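Chemist: What would the 3D arrangement of this be:
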Amino acid sequence: MLELPQPNFDVAVIGNVGIDTNVYLPGNDIDFTVEANFTENLDYVGQAGGYASRGYAQLGKKTAFIGYVGDDFNGRFIRQEFARDGIDTTALFIDPQGTSRSINFMYRDGRRKNFYDGKGHMHLAPNLDLCRSVLARARLAHFNIPNWARQLLPIAKELGLTIACDLQDVVSPDDEYRRDFIKNADILFLSAANYTDPTSLIETFLAQKPELVVIVGRGAQGCALGTQAGVEFFPPVELDAPVIDTNGAGDGLAVGFLSSFVLDKYSLRASILRGQIAARYTCAQKASSSSLITPEKLTRYF
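Modeler: All right, here's what the predicted structure looks like:
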């Protein structure tokens, strides 16, 4: 029997996907003096792996996702949404504890508080041979940081992929949990949520690994770039759309940058701007990862 050739991918996203529930508060805070608060509660496919893989697919990149969902309603819904997006789910495994969930309290002044349930991610062991077969057909490996994902870092390294790791909100550069991801990365992304000025943090990473490209999301303050040439700050971009929801903005920054710099060979500075545009566009979507920026819109804003 003739064996059909396997498709190649622009990117393999390795991370957690799940259902996010955004709770939009009508007032300035939760009223703990009463039993019931009346809110707007919206569910959607979220988390870093969900936003990243759907972001690449929306930009027209051939995307594979490696991760876990539960054998439950939410897991089946995510599979359905990924199939609609054209995302390869060959290595979308089953977590016996169910599909990951996040509850995000969304404040009127722009604050948010996240309550994350990663289900079994600390103890899962993916099929490494199957993961290797997916990674071997990709150009870029975009890692988020569920615990099981560190098992795939040596494989991506051996295969010669460009490895990008999103460390999320770093508290300390010496965090043991993130060490494997930092060690294996070619490009690092992180949030400056815990740093007013991330310069010292960036310089620490570059001292450990001078060839790194380090990109730090700074929310309304823009972003920072760290390379061997030093640390550079970029102001935020403005679009003709209001900021509604900042969930997924960091993933938009990473997807916009990596699709431009690694896949489409834009310059470093142009890729930063395109990443910022993608992040800012994400902030204009309310509780949705299904309407992320398209190539046409990215070109128009760029």
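Chemist: Residue 272 belongs to a strand?
Modeler: No - assessed with DSSP: H, G, I helix; E, B strand; the rest coil, residue 272 is helix; it does not lie in a strand.
Chemist: So what's the residue count around it?
Modeler: Residue 272: 23 surrounding residues under other C-beta atoms under 10 Å. C-beta here means a position set from N, CA and C on the backbone, and glycine is covered the same way.
Chemist: Look up the pLDDT of it for me, please.
Modeler: With respect to pLDDT, residue 272 scores 97.
Chemist: Also residue 241?
Modeler: Residue 241 is given a pLDDT of 88.
Chemist: same check, this time on the one 5 residues further on
Modeler: With respect to pLDDT, residue 246 has a value of 90.
Chemist: and the closest residue to it other than its chain neighbours, what is it in contact with?
Modeler: Nearest residue to residue 246 in three dimensions, chain neighbours excluded: residue 283, at 5.3 Å (C-beta to C-beta, 6 or more residues apart in numbering). Each residue near residue 283 by C-beta atoms under 8 Å, 6 or more residues apart in numbering is listed here: 243-246, 249, 252.
Chemist: Keep only those of those that are in helices.
Modeler: Counting by DSSP state H, the part of the contacts of residue 283 found in helices is 249, 252.
Chemist: Now list the buried members of the contacts of residue 283.
Modeler: The neighbour count (16 or more other C-beta atoms under 10 Å) marks 245-246, 249, 252 as buried among those.
Chemist: Show me the shaky parts of this structure.
Modeler: 1-5 (pLDDT under 70).
Chemist: where exactly do the strands run in it?
Modeler: Remark: strands assigned in the chain by DSSP state E are 11-14, 18-24, 40-46, 63-69, 88-94, 100-106, 112-117, 140-143, 162-169, 187-191, 213-217, 223-227, 230-234.
Chemist: Serialize those strands to JSON lines and add fields for distance to residue 134.
Modeler: Formatted as JSON lines, these follow (distance: least, C-beta to C-beta, whole Å):
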{"stretch": "strand 11-14", "distance to residue 134": "6"}
{"stretch": "strand 18-24", "distance to residue 134": "20"}
{"stretch": "strand 40-46", "distance to residue 134": "20"}
{"stretch": "strand 63-69", "distance to residue 134": "5"}
{"stretch": "strand 88-94", "distance to residue 134": "5"}
{"stretch": "strand 100-106", "distance to residue 134": "20"}
{"stretch": "strand 112-117", "distance to residue 134": "25"}
{"stretch": "strand 140-143", "distance to residue 134": "10"}
{"stretch": "strand 162-169", "distance to residue 134": "15"}
{"stretch": "strand 187-191", "distance to residue 134": "20"}
{"stretch": "strand 213-217", "distance to residue 134": "24"}
{"stretch": "strand 223-227", "distance to residue 134": "30"}
{"stretch": "strand 230-234", "distance to residue 134": "34"}
